[in-house]
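Q: Starting from these lines, generate the structure:
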Amino acid sequence: MVLFTLNPEADKGVQRPCIVGKGITFDTGGISIKPSGGMWDMKYDMCGAATVFGLMEALHATGYERRVNGVACLAENMPGSGAYRPGDVFETYSGKTVEVFSTDAEGRNVLADGLWKAASSTPSTSST
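A: Numbering: from 1, shown residues only. Okay, the predicted model is just below:
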């Protein structure tokens with residue numbers, strides 16, 4: 001997870017927006033592997049996080065002076081010895097536990113943590 005704050009000293013005490021983006025750099029489906037025909041464009045599963053990076057860069061380049069927070073939720077979903085498996089249980093940042101039924105549902109897992117992190121900054125609004 002990459003956290004951004006543009007103009008952190010601006011708007012102290014005022015709720016500001018937080019943008020959250022999913023950044024699965026490549027999604028094979030993990031152990032619950034996708035068919036090859038459905039995998040060719042999985043590099044685009046990172047476009048949400050790329051949008052967060054791009055927005056922060058654009059706001060900075062244009063001299064935007066208000067505070068904006070961003071969260072890029074990054075992971076790669078590939079089979080391997082360290083991959084998570086159906087039946088695994090893990091704890092999210094919020095303290096809730098999640099049981100994995102399909103390893104091809106990773107996006108909601110990384111976004112759950114990113115949205116929790118965004119909410120912890122009490123934003124005026126969050127967007128994914």
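Q: Any idea what the residue nearest to the spatial centre of the chain is bridged to?
A: Against the mean C-alpha coordinate of the chain, by Cα atoms, centre = their mean, the closest residue is Cys73 at 2.3 Å. For Cys73, the residues forming beta bridges with it (DSSP bridges) are Lys22.
Q: isn't it right up against Trp116?
A: No - using Cβ atoms under 8 Å as the test, Cys73 is too far from Trp116 to be in contact (10.4 Å). Every residue, glycine included, has its C-beta placed from N, CA and C.
Q: quick revisit: check contacts around the residue nearest to the centre of the chain.
A: Shown here is Cys73, whose contacts under the criterion Cβ atoms under 8 Å, 6 or more residues apart in numbering are Met1, Val20, Gly21, Lys22, Gly23, Gly48, Ala49, Val110, Leu111, Asp113, Gly114.
Q: Which members of the residues you listed are positioned in strands?
A: In strands, judged by DSSP state E, the following of the contacts of Cys73 are found: Val20, Gly21, Lys22, Gly23.
Q: which residue sits closest to the second one in space, ignoring its chain neighbours?
A: In space, Gly21 comes closest to Gly48 once its chain neighbours are excluded; the distance is 3.3 Å by Cβ to Cβ, 6 or more residues apart in numbering.
Q: residues in contact with that neighbour?
A: Gly48 makes contact with Val20, Gly21, Lys22, Gly23, Ala72, Cys73, Thr128, according to Cβ under 8 Å, 6+ apart.
Q: which of these lies closest to Glu57?
A: When those are ranked by distance to Glu57 (Cβ to Cβ), Ala72 comes first, at 12.2 Å.
Q: what's the most distant pair in the ones in strands among the contacts of Cys73?
A: Greatest spatial distance among those (Cβ to Cβ): Val20 and Gly23, at 10.2 Å.
Q: and Thr103, how many neighbours?
A: By other Cβ atoms under 10 Å, 22 other residues sit near Thr103.
Q: residue contacts, it?
A: Listed by Cβ under 8 Å, 6+ apart, the contact set of Thr103 reads Gly29, Gly30, Ile31, Ser32, Asn77, Ala83, Tyr84, Arg85, Pro86.
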